[in-house]
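**Q** okay, structure incoming, though there's no sequence with it:
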């Protein structure tokens, strides 16, 4: 059994084709009423299922023409629509001679049951010899030409009014959303302006704090250092060994405090200053850092492997701080490692360019990795590896300013690899 399905939406045709095909029905498709009549005259179907709202010739006009055609009038006609859903629409459709009026969407079983009933009625009606004449008379009696166009126009006007009201509602909703969006944007702009003012105020406070740290804290330190030196010079012969040790400890503490102050100032300065981007050879920069490290400790034997031709665009000052600290960090933590090795290179991960500094030094437990990039946090005792815990914090701030990220992989006594992007 072949069924003609008529709809201007390909997705609707597809759903009907799959559903009917699952029950073994053959399917012919048309996208409007005119095309449907042509298909039906070429190969008369056992049933037609038609939408109403379509271009060229809609479903109402198709049904009227179908039922007035002597070759097609006995073939059952089912309307399947999502647009014309009111009782008056169904009444008008049935007055044209339609056998069924179904509103989309229907469950597959329900639609197939309606198809089977319509086919059964069509078979029974086809056995009656006077069926064609009776149908034509019925259609002619129920819907005259003038009455058809009156009701047809009424249905169209009604749908047009509904559509206009729907569009008006959508426009009102859109206008309301646009107004809400404008108000939200205005509030957002005000919040951004407020945050900017707060940030500027915070920066001013930070600069004032830096000034205080630089001057107010250094002054008493200088006095402590001066009096300690005076005491050492004036009372050197009178102090016991223990007293001299106390003076050495005071001097060492003063020096450490000075380093902490320098570190705090350095960290604060990393948040300021204009970024000057230029093409930079990281390989050459790393070579210069390694040369400086070897010059400072010429007795050390360390294998330093620097990948050649690593070039990128970035701020020279910040990139210099990054490489200085990462390579110095690797140099420091390989101090107690036999056959020490340090490597700087570039690789690719998930399509992203990633730079790395690796060493085979002391390493650390990854459970404490969260503390690593915070200021003044250390994972080793200063007696083992000297430092104040500012280098990696500086690296992290530089990389954030360059829009990148940094992470590390390490194991105790197996070294560490620092990865970063810029």
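**A** Now that the structure is in, tell me what you want to look at. The structure displayed is predicted, hence computed values, not measured ones. Residues are numbered from 1 along each chain as shown.
**Q** for the closest residue to residue 1 other than its chain neighbours, grab the count of nearby residues.
**A** In this structure, residue 1 finds its nearest non-sequential neighbour in residue 46, 4.5 Å apart by Cβ to Cβ, 6 or more residues apart in numbering. Where you see a C-beta, it was placed from the backbone N, CA and C, and this is true even at glycine. A total of 18 residues lie near residue 46 under the criterion other Cβ atoms under 10 Å.
**Q** can I assume residue 46 is in contact with residue 118?
**A** No - using Cβ atoms under 8 Å, residue 46 is not in contact with residue 118, being 9.3 Å away.
**Q** what's the overlap in contacts for those two?
**A** Common contacts of residue 46 and residue 118 (Cβ atoms under 8 Å, 6 or more residues apart in numbering): residue 76.
**Q** ok, back up a step: mind listing what the residue nearest to residue 1 touches?
**A** Contact analysis of residue 46 by Cβ under 8 Å, 6+ apart lists 1-3, 75-76, 119, 122.
**Q** tell me the helices and strands packed up against the host helix or strand of residue 223.
**A** Element membership for residue 223, per DSSP states H and E: helix 218-234. Packed against helix 218-234 by the contact rule (3 or more Cβ pairs under 8 Å, 6 or more residues apart in numbering; DSSP states H and E) you find helix 241-269.
**Q** model confidence over whatever helix or strand comes next after the helix it packs on, on average?
**A** Toward the C-terminal end, the helix or strand that comes next after helix 241-269 (DSSP H and E) is strand 277-281. Mean per-residue pLDDT for strand 277-281: 93.
**Q** residues of the helix holding residue 223 that come out buried?
**A** 225, 228, 231-232 (16 or more other Cβ atoms under 10 Å).
**Q** stretch 233-247 too?
**A** Neighbour-count burial for stretch 233-247 [16+ other Cβ under 10 Å]: residue 247.
**Q** and stretch 355-369, by the same measure?
**A** For stretch 355-369, a neighbour-count test (16+ other Cβ under 10 Å) marks 355-364 as buried.
**Q** now swap in stretch 395-405 and tell me
**A** Applying 16+ other Cβ under 10 Å to stretch 395-405 flags 395-399, 401-402, 404 as buried.
**Q** would you list those residues in JSON lines and tack on distance to residue 301 and pLDDT?
**A** Listed next are the buried residues of stretch 395-405 as JSON lines, based on distance: Cβ to Cβ, whole Å; pLDDT from 0 to 100:
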{"residue": "395", "distance to residue 301": "26", "pLDDT": "88"}
{"residue": "396", "distance to residue 301": "31", "pLDDT": "89"}
{"residue": "397", "distance to residue 301": "33", "pLDDT": "87"}
{"residue": "398", "distance to residue 301": "30", "pLDDT": "88"}
{"residue": "399", "distance to residue 301": "31", "pLDDT": "90"}
{"residue": "401", "distance to residue 301": "36", "pLDDT": "87"}
{"residue": "402", "distance to residue 301": "34", "pLDDT": "89"}
{"residue": "404", "distance to residue 301": "33", "pLDDT": "93"}
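**Q** which member of those residues is positioned nearest residue 41?
**A** Using Cβ to Cβ, residue 404 is the member of those that sits closest to residue 41, with 71.1 Å.
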